[in-house]
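Trainee: give me coordinates for this.
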Amino acid sequence: MDLITVDHVSKRFPLPDGKGEFTVLGDVTLSVHRGEVLALLGRSGSGKSTLLRIMSGLIRPSQGEVRSNGIPMRGANPNLAMVFQSFALLPWLTVQENVELGLAARHVPLAERRERALKAIDIVGLDGFENAYPKELSGGMKQRVGFARAFVLNPEVLFMDEPFSALDVLTAENLRGEIDDLWNAGTFPSKSILIVTHNIEEAVYLADRVVILGSKPGRIRGELQVNLPRPHDRNHPRFKALVDYIYSVMTNPDIAVTGEVEGPESGAAGPGAGPEPSPQRSSVSPFARPLPHVRVGGISGLLELVAEKRDGDGSIPQLAQRLQLEVDDLLPLLDAAVLLGFAEVADGDVRLTAIGRDFATTTILRSKDLFRQQALGRVPVLSSIVHTLQEKENRAMRSDFFLGIWDDYFPLQEAERQLATTVDWGRYAELFEYDAIEGRLYLPS
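Mentor: Coordinates of the predicted model:
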């Protein structure tokens, strides 16, 4: 029997002022098997953390059911523990007292909880720091306390919500390796692990099975079996093939995810599989189509790096490694470059178009002209705003007007981010100007 089963789960949140609902997850079905490390891998907006909280019983689904050991959940799941992205330590408690918190909440006798806490502290390598306070610890040590606090509960399943993302690269790699060593040695204090991440290499390195989520709304696109001997060797051809393939499918959100990847060439998306946004393809409101949240300088920098290649092509995994960027940082840049017609993405590679190469290599003034041309032709929300301003006698409009339109399609925080990104792009292209004090968009003289 699976430890946790998610059966056709959807989750919706109400939009402000009763304007409808925003769907975060749509018809998700998956299971956590006994004795496996399962990675949930998805881009920002795929509902990874929401799904994790539904599976833990912290929030209820709008539709569907979650079962723990075959029993429908009606509240928090007592058979799991969670390690968060933030350290979430109580600063007035010592390391040992922080580790004992969960046991104290379960009314475990004092002597037993101290014994179990010291054992967990020993497992994570914090011997000698039992009486230290969080302010005395480094980031990596604080996260070790978080792991010890979860370990001490001896959970059936350990949930990890991007547990290494708040750490520097070297500390994260060290702690990631130690967690993997514990699992491989058979001394890990849980029967299964579920890790939520947006780091592709981390998912392939730690997991036995990788489930790839699509976004807006979050949904299961497919899953991959890693099928490598433990510990997973990053230099193994299959490891590299899996990483390349996952980069390929995550930069081509409309293609299906196949279940098997046998080698570097198999399972990749075919040429032209990437999305080609076009204002003529749909009658959907321009404001309903989200812009990737990146600045123009980031797009330009990425294209300049690709342009340095002799053939104008770049391997996406190599770009990620070179820039030390994770999926949530790199893929929006690629999305923006494709949206603007500066690049094409296929088979895990990014290729500059002719106008993209021109944009990356020309003068600042010409690059602004090229950006303005592409933005007006390929980004409907920008042309819609410009048209609205042109219709006004004073050629100006309060930004709240446009924010209210976005608010019909997105939660307020996302609507504000859409406004900020649109303003950044529009100002760079000199399509309109923005007065932040008055909150007003207007056409330049």
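
Trainee: when you work out contacts or count neighbours from here on, use the C-alpha atoms and nothing else.
Mentor: Will do.

Trainee: please report how far residue 434 lies from residue 298.
Mentor: With distances defined as Cα to Cα, to the nearest Å, the gap from residue 434 to residue 298 amounts to 21 Å.

Trainee: who's more crowded, the two?
Mentor: Remark: of residue 434 and residue 298, residue 434 carries more neighbours, 20 against 16, as counted by other Cα atoms under 10 Å.

Trainee: who's in contact with the residue nearest to the more buried one when sequence neighbours are not counted?
Mentor: In space, and not counting its chain neighbours, residue 434 is closest to residue 441: 4.6 Å by Cα to Cα, 6 or more residues apart in numbering. The contact partners of residue 441, taken as Cα atoms under 8 Å, 6 or more residues apart in numbering, are 389, 396, 397, 398, 399, 432, 433, 434, 435.

Trainee: distance check, the second one against residue 9.
Mentor: According to Cα to Cα, residue 396 stands 45 Å off from residue 9.

Trainee: cool, the third one as well?
Mentor: According to Cα to Cα, residue 397 and residue 9 sit 42 Å apart.

Trainee: now residue 205
Mentor: Using Cα to Cα, we find residue 205 at a distance of 28 Å from residue 9.

Trainee: with residue 1 instead?
Mentor: Residue 1 sits 19 Å away from residue 9 when distances are taken as Cα to Cα.

Trainee: ok, these two, which is more surrounded?
Mentor: Taking neighbours as other Cα under 10 Å, residue 1 and residue 9 compare with residue 9 leading, 22 against 11.

Trainee: okay, now the sheet partners of the helix or strand hosting the more buried one, with direction.
Mentor: In this assignment (DSSP states H and E), residue 9 forms part of strand 4-14. Here strand 4-14 has these sheet partners by DSSP bridges: strand 21-32 (antiparallel), strand 63-68 (antiparallel).

Trainee: and those strands as a markdown table, adding mean pLDDT?
Mentor: Output for these, formatted as a markdown table (pLDDT from 0 to 100):
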| stretch | mean pLDDT |
| --- | --- |
| strand 21-32 | 90 |
| strand 63-68 | 92 |
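
Trainee: so which of those strands is nearest residue 292?
Mentor: The closest approach between residue 292 and any of the strands paired with strand 4-14, judged by Cα to Cα, belongs to strand 21-32 at 17.3 Å.

Trainee: got the buried residues for the closest one?
Mentor: Along strand 21-32, these residues count as buried under the neighbour rule (16 or more other Cα atoms under 10 Å): 21, 22, 23, 24, 25, 26, 27, 28, 29, 31, 32.

Trainee: now render these as CSV, adding distance to residue 15.
Mentor: Putting the buried residues of strand 21-32 into CSV (distance: Cα to Cα, whole Å) gives the following:
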residue, distance to residue 15
21, 5
22, 6
23, 10
24, 12
25, 15
26, 17
27, 20
28, 22
29, 25
31, 30
32, 32
